[in-house]
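Q: Sequence and predicted model, in that order:
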Amino acid sequence: MANTKSAVFLVDTCMDFPASTSGYSSGEVRERTCSLKDVRKIYASRIAAVDDEAHKRIVFLEAKLNSIEQKTAGWNNKEAQWRKMEAELRSEVKKLKKKIANMESTTKGEQIKYNVASQEHYIPGHKIYQEYHGHAPSCSFRHQGQMLVNGGRIFDIDGGRQIVLVARRLSGVGGAFVLTQMSLHSNEIDDILLPPTSRAIKDLHISPHNNGLAVFGSLGKKLSVISLESHNTVLSYDLPAAPWSCSWDRNSSHHIYAGLQNGMVLVFDMRQTIRPFASLTGLRSNPVHTIHHLSPDSTPTSDVRSLLSASSIGLCQWNITGSEGRPSLVSETENPGVCISSSYCPRSDHVVATYRPRVGSSDDTIPTQPSLTQTGVNSIGVDGFHVCLKRRGVDSHYQKLSSTRASVDTIRLPRTAIIDFGEERKQLFASCDESARELILQDPSSFIVSQRFPLASHHPLQDVKYAHVNGSGILGLLTDDRLQLLRNESP
């Protein structure tokens, strides 16, 4: 093989040496110089190693990023639209609030006219006799204070023991009920635990016979009597249906009454601990939401017990002889609307029934929808009315005295009360004006307004009760979160 020359370039130095089949000879290497132009630089091609999984991941992330950017742009556009809509709605709400304020101002003026004027009849087909007594009875209720509660539903006052018994619904799923005994002159509070089968308490009354007992009816189909001293259950009756109302006999400490969900009325003698003394069937199967034991002064004979019950159809009187009795509908209270409450004063035999319009009523004078001018946008009130009757004579004739419009709850059954100031004094009817969220005190015979008190809570009024405590009258207003107390110190 012919010898060839090989050259190795180190920067600017050139060394050449002959190549042979036997290798290079160091002795033959000669150093030469050369210029930069004689140097040829050789660059290798870039070598890239491709990772398929990483490449797929990069493509996926790029696509995801692009999608997020598109969504972000879309949300930014929607946010701008929402901000514009919010500004427009705020402007509209501001206009509506101003309009409502003007309407409420007008409504209050009209309501004053209703209250100071003699109440003209408005129930179709009924002419109401006005028994006008001049002015509403003088009274001077003022705020006494309040007691915080949790889940208040119904209560009663024991003036002799100066305690309040409150049925409360505990917070949480299931909402078990508990009775809470609260002192009016100290901070003493005691909870009375009830069996789980009791369920919701619908009505509660402390005995008027000063025997330290209270009766309550619950949706667990139980009518129970408890001791306020020991907090033990004295009696518990199993009922055929849930009781919606209960009451004590005003003459006998042994007798109690219950109005049931199926329209029945049961009479109990507590000396018989197993079953009711009498079971009476109602005119209809509507729940009996209120029951009163009537004053014995106007009953036909001494052996007749008279009850007044209220259900959606109106008021019914029951004349019970022994274990027999049958109700009769008080004709003056039928068909004007749905009866949702009643209150009774034993001494004067005044009765006030509260109604709301029937759903779908065609009568324009009894609207079925809340009136904006009467109730406002955020109210739950609807135009209803109160009717006052007076029970007269041994034949229990009911004379209609007066009626007035009222803003009542659209769903709940409200509680009302007739306050009796005793001999030589008149009565006051206590109810809640749902549109104004006020307690109103009115002369039941004319419905002239005596006083108004704003509710201290934003929750609906659950119950109202009055009792004499230490020579003065205490009026209690129960809401979900507090018991508001008003004291009457008029001579």
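A: Perfect, I can see it now. Numbers count the residues shown, from 1 in each chain.
Q: Where does pLDDT dip in the protein?
A: 1-50, 104-138, 173, 297-303, 334-335, 360-380, 394-395, 423-425, 490-491 (pLDDT under 70).
Q: Helices of the chain, residue ranges please.
A: Counting by DSSP state H, the chain has helices at residues 52-116, 372-375.
Q: can you list the ones you listed in TSV and add mean neighbour count and distance to residue 352?
A: The C-beta positions use only the backbone N, C-alpha and C, and glycine is treated the same way. Shown next, in TSV, are the helices of the chain (neighbours: other C-beta atoms under 10 Å; distance: least, C-beta to C-beta, whole Å):
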stretch	mean neighbour count	distance to residue 352
helix 52-116	11	16
helix 372-375	18	20
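Q: Just grab the bridge partners of the closest residue in space to residue 150 that isn't next to it in sequence for me.
A: Leaving aside its sequence neighbours, residue 150 sits nearest to residue 168 (C-beta to C-beta, 6 or more residues apart in numbering; 6.3 Å). With DSSP bridges as the criterion, residue 168 is bridged to residue 152, residue 178.
Q: Check the gap between residue 168 and residue 326 for me.
A: Applying C-beta to C-beta, to the nearest Å, the value for residue 168 to residue 326 is 38 Å.
Q: Comparing those two, which shows the higher neighbour count?
A: residue 168 (22 against 12; other C-beta atoms under 10 Å).
Q: Any idea how many residues pack against residue 292?
A: Residue 292 has 22 nearby residues by other C-beta under 10 Å.
Q: Please name the residues that touch the residue nearest to residue 150.
A: 149, 150, 151, 152, 153, 177, 178, 179, 180 (C-beta atoms under 8 Å, 6 or more residues apart in numbering).
Q: if you set the cut-off to 7 Å instead, what comes out?
A: Going by C-beta atoms under 7 Å, 6 or more residues apart in numbering, residue 168 touches 149, 150, 151, 152, 153, 177, 178, 180.
Q: now residue 346
A: For residue 346, counting by C-beta under 7 Å, 6+ apart, the contacting residues are 250, 295.
Q: give the contact list for the closest residue to residue 324 other than its chain neighbours.
A: Using C-beta to C-beta, 6+ apart and skipping the chain neighbours, the partner closest in space to residue 324 is residue 278 (7.3 Å). Each residue near residue 278 by C-beta under 7 Å, 6+ apart is listed here: 267, 320, 323, 325.
Q: From those, pick the one nearest residue 476.
A: residue 267 (28.9 Å; C-beta to C-beta).
Q: Just give the closest residue to the closest one, not the sequence neighbours.
A: Leaving aside its chain neighbours, residue 267 sits nearest to residue 278 (4.0 Å; criterion: C-beta to C-beta, 6+ apart).
Q: on that earlier part again, for the contacts of residue 278, could you give me TSV that also reports neighbour count and distance to residue 440?
A: Below are the contacts of residue 278 laid out as TSV (neighbours: other C-beta atoms under 10 Å; distance: C-beta to C-beta, whole Å):
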residue	neighbour count	distance to residue 440
267	21	35
320	21	35
323	11	41
325	20	35
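Q: Strands - which of those residues land there?
A: 267, 320, 325 (DSSP state E).
Q: Any figure for the gap between residue 170 and residue 206?
A: Distance from residue 170 to residue 206, by C-beta to C-beta: 22 Å.
Q: nope, residue 188 is what I meant
A: 17 Å.
Q: between those two, who's got more neighbours?
A: Higher neighbour count among residue 188 and residue 206: residue 206, with 26 against 10, using other C-beta under 10 Å.
Q: ok, now which ones touch the more buried one?
A: 156, 158, 165, 214.
Q: Not counting residues beside it along the chain, what's closest to the second one?
A: Nearest-residue entry for residue 158: residue 206, 4.9 Å, with adjacent residues in sequence omitted and distances by C-beta to C-beta, 6+ apart.
Q: count of neighbours near residue 269?
A: Counted with other C-beta under 10 Å, the neighbours of residue 269 add up to 15.
Q: ugh, wrong one, I meant residue 283
A: 15.
Q: what's the nearest residue to it if we skip its chain neighbours?
A: Among residues not flanking residue 283 along the chain, residue 327 sits closest, at 5.6 Å (C-beta to C-beta, 6+ apart).
Q: Report the separation between residue 257 and residue 209.
A: From residue 257 to residue 209 the distance is 15 Å (C-beta to C-beta).
Q: Could you check which of these two has the larger neighbour count?
A: Comparing residue 257 with residue 209 by other C-beta under 10 Å, the one with more neighbours is residue 257, at 28 against 14.
Q: nearest residue to that one other than its sequence neighbours?
A: Counting by C-beta to C-beta, 6+ apart, the residue nearest residue 257 is residue 247, at 4.8 Å.
Q: re earlier: using a markdown table, please lay out the helices of the chain together with distance to residue 462.
A: Formatted as a markdown table, these follow (distance: least, C-beta to C-beta, whole Å):
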| stretch | distance to residue 462 |
| --- | --- |
| helix 52-116 | 24 |
| helix 372-375 | 19 |
